[in-house]
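1. what would the 3D arrangement of this be:
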Amino acid sequence: MILKNIIPLLLISILSSTAIADPICDSIITRELEQCVRVNFESSDRNLNSAYKILAQKLSPQQRKILLTSQREWVIYKEKICQAVYDFITPGQEAGIEKWSCLDEITKTRSRELRYIDSASGMNEFFRAADIVSKLYEGGDRSRFIDKLTNMALENSDSHWNYYITENCKLLAARFHEEKRECIARQVFYEY
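-> Reported below is the predicted structural model:
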């Protein structure tokens, strides 16, 4: 499917321009490489916790409850997906590397989302990417691309992911009146 192939390329391009400088993990020794990737994840996790605390302090009690619920569902989803990556590769030596990489990337994506919820800025990359994809595959119709992403969310059977999206988009609607359809599409676009 062309859409599935273009999204990772766009995501890599977008993320490379906004990534926080992590140590480059380039050892040829598996355990050293795994250690490096784990350290990167731990740094990303600290950044996520900081972004979460900053945001939570700014929210009303009702919004904090929504944030807490969405965060809990996201954590369950993150652990489940990255464990599945590990299980798929096991007994390969790279299984640990891939699991830590998975945890790191998903955590960085959630940190960006929390910063977006905090300030309503920094996620224009999604709309730029949506415009590129829609020009290439949807005759320039961004709305059609967003509809396709939204439909992909409806096809996802993971209850934790779906509940995370629901609560996260509820919070964004309350804070910034973000359209639910665009919020769902953005979540799907950045899903691991």
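2. for residue 22, see how far away the residue lying farthest from the centre of the chain is.
-> Distance to the chain centre peaks in the chain at residue 29, reaching 28.9 Å (criterion: CA atoms, centre = their mean). The span separating residue 29 from residue 22 equals 19 Å under the rule CB to CB, to the nearest Å. C-betas here are computed from N, CA, C, even on glycine.
3. in space, what's closest to the residue positioned nearest the centre of the chain - neighbours in sequence excluded?
-> Centroid-nearest residue in the chain: residue 109, 3.6 Å away (criterion: CA atoms, centre = their mean). What sits nearest to residue 109 in space, not counting adjacent residues and going by CB to CB, 6 or more residues apart in numbering, is residue 190, at 5.0 Å.
4. what stretches of the chain score poorly on pLDDT?
-> Low-confidence segments of the chain, defined by pLDDT under 70: 1-21, 122-123.
5. if I look at residue 51, how far off is residue 105?
-> Residue 51 is 16 Å from residue 105, where distance means CB to CB.
6. over to residue 71?
-> 17 Å.
7. same check, this time on residue 150
-> 23 Å.
8. likewise for residue 145?
-> For residue 145, the distance to residue 105 - CB to CB - is 23 Å.
9. more neighbours, the two?
-> Ranked by neighbour count (other CB atoms under 10 Å), residue 145 and residue 105 place residue 145 first, with 23 against 19.
10. could you find the closest non-adjacent residue to the more buried one?
-> Nearest non-adjacent residue to residue 145, counting by CB to CB, 6+ apart: residue 134, 4.3 Å away.
11. would you confirm that the one you found contacts residue 141?
-> Yes. With contact defined as CB atoms under 8 Å, residue 134 reaches residue 141; the gap is 5.6 Å.
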